[in-house]
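In: Dropping a prediction and its sequence here:
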Amino acid sequence: MAKPTILLTGANGFLGSHLLEALLSQQYNVVILKRSTSDLWRIAHLMDQVTSYDVDVQPLQQAFKEQEIDCVIHTACHYGRNGDSIHSIVESNLLYGIQVLEAAIECNVKTFVNTDTCLPKEISIYSLSKKQFLEWAVCTKNKINIINIKLENIYGPKDDANKFISWLILKLKTDVASIPLTSGDQKRDFIYIDDAVSAYMFILNFIDIHQEFDEYEVCNDRLVAVKDVVFLLKRCYQDKRSNCKTILDFGALPYRDNEKMEYAMCNDKLKRLGWKSMIDLNDGLKKCIEYELGKNDL
């Protein structure tokens, strides 16, 4: 029996690229939406296995009308970490998502899988725009099944350089004298990218049981103080580079506005599908370090 056809947004991003690898390895037919200017370094080796559309050149609806799409997986997002305008963040996280959702409804797609954040909406423009999109998506649940996937802090190889784990490794790699940090008492649940992707794949395997709206929280169910994560990362790094002398300057930075010290999430619904995380934090950090060092000199 032929595998369903998945339309994937954000395929060239960190999560999307790993998800694309998994979908293709399991013989799904994949259609991706991108821009003609998109940086495809993560997925260049996969482009001959997918059907792609440049949404800045071609009508977005064309992707839905030229083949039957069974499911949309929406991972595209804009974090707004580089001083980007509110307009650009809202356009990417809210308006673009609504465009894709409307096209899916118009073409009778069965399921829309949305990628959400664990962050409360008051934390940032990014989290606010993500929560606003979810509210609009839920309004359409009588027209298309909505599955919302809330992610904790995913990390792994090929992540953006300004994401926390990658940023720390790059700082250590460049032998900076010290790294200014907050006190690090806030607790977070870190989940390795392969485990996050496997959660999506499990949900796809059970996609027919979902009606109207359902939600899953993807996490390890294990909160760790950020300070402890940083110490562990440095120890793992020193196993590779024993001469690392970078000082971890905890307390040099204030907490961000509206910082929440702990996020409570639960993966029981995923576990009932048979999913479980396989990569612990120690091994995950080692994989990230090996990747970053291996790009040049390991």
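Out: Received the coordinates, thanks.

In: mind checking which helix or strand the residue of the chain most remote from its centre is in?
Out: For the chain, the residue at maximal distance from the C-alpha centroid (CA atoms, centre = their mean) is N243, at 33.1 Å. Using DSSP states H and E, N243 sits in no helix or strand.

In: residue contacts, it?
Out: Contact partners of N243, counting by CB atoms under 8 Å, 6 or more residues apart in numbering, are absent. C-beta coordinates here come from the backbone N, C-alpha and C atoms, glycine included.

In: G16 too?
Out: G16 touches 8-10, 75-76, counting by CB under 8 Å, 6+ apart.

In: So which of those wins on neighbours?
Out: L8 (26 neighbours; other CB atoms under 10 Å).

In: ok so, going back, backbone dihedrals for the residue farthest from the centre of the chain, please?
Out: Dihedral angles phi and psi of N243 (degrees, to the nearest 10) take the values phi -90, psi 10.

In: just to revisit the earlier point, tell me which of the contacts of G16 is nearest to D283?
Out: T75 (24.3 Å; CB to CB).

In: Got the confidence number for that closest one?
Out: Predicted confidence (pLDDT) for T75: 98.

In: is it true that it touches N12?
Out: No. T75 is beyond contact range of N12, at 10.0 Å (criterion: CB atoms under 8 Å).

In: before we move on, the earlier item: TSV for the contacts of G16, including distance to K143?
Out: Shown next, in TSV, are the contacts of G16 (distance: CB to CB, whole Å):
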residue	distance to K143
L8	21
T9	19
G10	23
T75	21
A76	21
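
In: from those, which two are the most distant?
Out: Greatest spatial distance among these (CB to CB): L8 and A76, at 9.0 Å.

In: shared neighbours, these two?
Out: With contacts taken as CB under 8 Å, 6+ apart, L8 and A76 have 16, 33 as neighbours in common.

In: quick revisit: same list (the contacts of G16) but as a markdown table, adding distance to C236 and secondary structure.
Out: Listed next are those as a markdown table, based on distance: CB to CB, whole Å; DSSP: H, G, I helix; E, B strand; the rest coil:
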| residue | distance to C236 | secondary structure |
| --- | --- | --- |
| L8 | 32 | strand |
| T9 | 33 | strand |
| G10 | 29 | coil |
| T75 | 28 | coil |
| A76 | 31 | coil |
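
In: so how far is N282 from the residue farthest from the centre of the chain?
Out: Between N243 and N282 the distance is 21 Å, computed by CB to CB, to the nearest Å.

In: what does L170 give?
Out: Separation of L170 from N282 (CB to CB): 20 Å.

In: show me where the stretch 101-250 of the chain has helices.
Out: Here the stretch 101-250 of the chain has its helices, by DSSP state H, counting those that start in this stretch, at 125-138, 164-173, 193-205, 226-240.

In: any idea of the mean pLDDT for the first one?
Out: Put plainly, it is helix 125-138. 97.

In: which residues are contacting it?
Out: Contacting residues not belonging to helix 125-138 are listed as 77-80, 86, 89-90, 92-94, 97-98, 101, 112, 114, 116-117, 119-122, 146, 148, 213 [CB under 8 Å, 6+ apart].

In: Grab the nearest non-local neighbour of C244.
Out: Q238 (5.1 Å; CB to CB, 6 or more residues apart in numbering).

In: Quick one, grab the pLDDT at that neighbour.
Out: 95.

In: Neighbours of it, how many?
Out: Q238 has 15 neighbours, counted by other CB under 10 Å.

In: As a check, name the ranges of all strands in the stretch 1-150 of the chain.
Out: Ranges of strands within the stretch 1-150 of the chain are 5-9, 29-34, 51-54, 71-74, 111-117, 145-151, based on DSSP state E, counting those that start in this stretch.

In: what comes into contact with the fifth one?
Out: Contacts with strand 111-117, where a contact means CB under 8 Å, 6+ apart, come from 10, 15, 70-75, 77, 97, 101, 104, 126-127, 130-131, 133-134, 137, 140, 144-151, 200, 203-204, 207, 210.

In: number of nearby residues for H210?
Out: H210, neighbours per other CB under 10 Å, totals 17.

In: pLDDT weak spots in the chain?
Out: Along the chain, segments meeting pLDDT under 70 span 1, 296-298.

In: Try it again at 90.
Out: Regions of the chain meeting the criterion pLDDT under 90 cover residues 1-3, 80-84, 123, 152, 208-211, 221, 242-243, 256-260, 263-265, 294-298.

In: Alright, that wraps it up for me.
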